[in-house]
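Peer 1: Everything below, folded, please.
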Amino acid sequence: MITAAATNGRATGFAQRVVSSDFVTGTVVFDVNDPDGDDNGPGTYAYPTAGDFHPGAFDIQRFQVIDSGDRYVLRTQLRNLSPTFGSSLGAQLLDIYARDTTDPTTATKAPFPSRNYTVSPWNRMIEVQGFAEPVFVDANGTQLSGAAVQAGEASRYITVSVPKTAFGNPTQFAVVLTGQEGDSPDRA
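Peer 2: Numbering: from 1, shown residues only. Next comes the predicted model:
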């Protein structure tokens with residue numbers, strides 16, 4: 001944080017600005033762009049009508065995987081990552097599915113049957129949202145540890161870091177972005 005202060009006689013004023021960076025060092029091993037304006041799915045999906053939701057909050061623009069040594073960094077950029085409900089990651093429920101083709105144990109199901117979709121075979125799934133710790137599981141549903149998450153409003157990136165020892169060496173990814181609902185049993 002940078003603080004600037006000025007004094008004139010007995011009066012003092014100040015301003016503070018938060019300076020942050022989500023620059024990641026390492027080697028980019030996967031990088032794909034997604035078209036803008038496709039956040040209404042096949043045209044029938046709609047944003048919640050509450051004023052807390054911002055246009056573009058569910059529009060993925062880019063997904064990257066960066067090898068940073070002993071960890072993989074997974075970055076998902078959105079068109080708008082404005083804070084919602086007081087959290088920099090409040091409205092989004094981001095599921096990242098990864099597949100290491102050398103690992104024979106796979107699943108195709110979503111984390112909850114009520115979500116009504118299947119995914120190409122995956123070995124690891126990470127789910128992040130604004131009001132809970134990340135969920136990091138293998139294809140059998142076994143909880144894995146070491147996932148860390150941050151969200152950057154200025155860069156619009158949701159950044160997830162996972163240890164390679166728990167993640168494997170995936171070469172295939174599926175990214176699913178929906179809205180999180182804290183009062184719903186499946187959080188979506």
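
Peer 1: residue closest to the middle of this protein?
Peer 2: By C-alpha atoms, centre = their mean, the chain has its centre lying nearest to residue 158, at 3.9 Å.

Peer 1: Confirm that one sits in a strand?
Peer 2: Yes. Secondary structure of residue 158 (DSSP: H, G, I helix; E, B strand; the rest coil): part of a strand.

Peer 1: so what's it bridging to?
Peer 2: Assessed by DSSP bridges, residue 158 has beta-bridge partners residue 76, residue 151.

Peer 1: List the contacts of it.
Peer 2: By C-beta atoms under 8 Å, 6 or more residues apart in numbering, residue 158 lies in contact with 75-78, 81, 89, 92, 94, 128, 149-151. Backbone N, C-alpha and C define where each C-beta goes, glycine included.

Peer 1: Okay, now the unreliable bits of the chain?
Peer 2: Within the chain, the stretches with pLDDT under 70 are 1, 16-22.

Peer 1: now the strands for this protein?
Peer 2: Shown for the chain, the strands assigned by DSSP state E span residues 2-8, 11-17, 27-33, 60-67, 71-78, 92-99, 107-109, 118-122, 124-129, 132-138, 148-152, 157-163, 172-179.

Peer 1: Dump the ones you listed to TSV, plus distance to residue 50.
Peer 2: Compiled in TSV, those are given as follows (distance: least, C-beta to C-beta, whole Å):
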stretch	distance to residue 50
strand 2-8	34
strand 11-17	29
strand 27-33	30
strand 60-67	21
strand 71-78	18
strand 92-99	15
strand 107-109	30
strand 118-122	29
strand 124-129	17
strand 132-138	20
strand 148-152	20
strand 157-163	21
strand 172-179	11
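
Peer 1: of the ones you listed, which approaches residue 47 most closely?
Peer 2: Closest approach to residue 47 among those is made by strand 172-179 (8.3 Å; C-beta to C-beta).

Peer 1: count of residues packed around residue 166?
Peer 2: 15 (other C-beta atoms under 10 Å).

Peer 1: Find the nearest non-adjacent residue to it, please.
Peer 2: Among residues not flanking residue 166 along the chain, residue 144 sits closest, at 4.5 Å (C-beta to C-beta, 6 or more residues apart in numbering).

Peer 1: Now for the one you found: which residues touch it?
Peer 2: Neighbour list for residue 144: 124, 136-138, 166 [criterion: C-beta under 8 Å, 6+ apart].

Peer 1: where's it relative to residue 115, distance?
Peer 2: 20 Å (C-beta to C-beta, to the nearest Å).

Peer 1: ok, now residue 182?
Peer 2: Per C-beta to C-beta, residue 182 is found 16 Å from residue 115.

Peer 1: More neighbours: which of those two?
Peer 2: residue 115 (16 against 11).

Peer 1: just checking, the more buried one touches residue 186?
Peer 2: Yes. At 6.1 Å, residue 115 counts as touching residue 186 under the criterion of C-beta atoms under 8 Å.

Peer 1: Okay then, goodbye and thanks.
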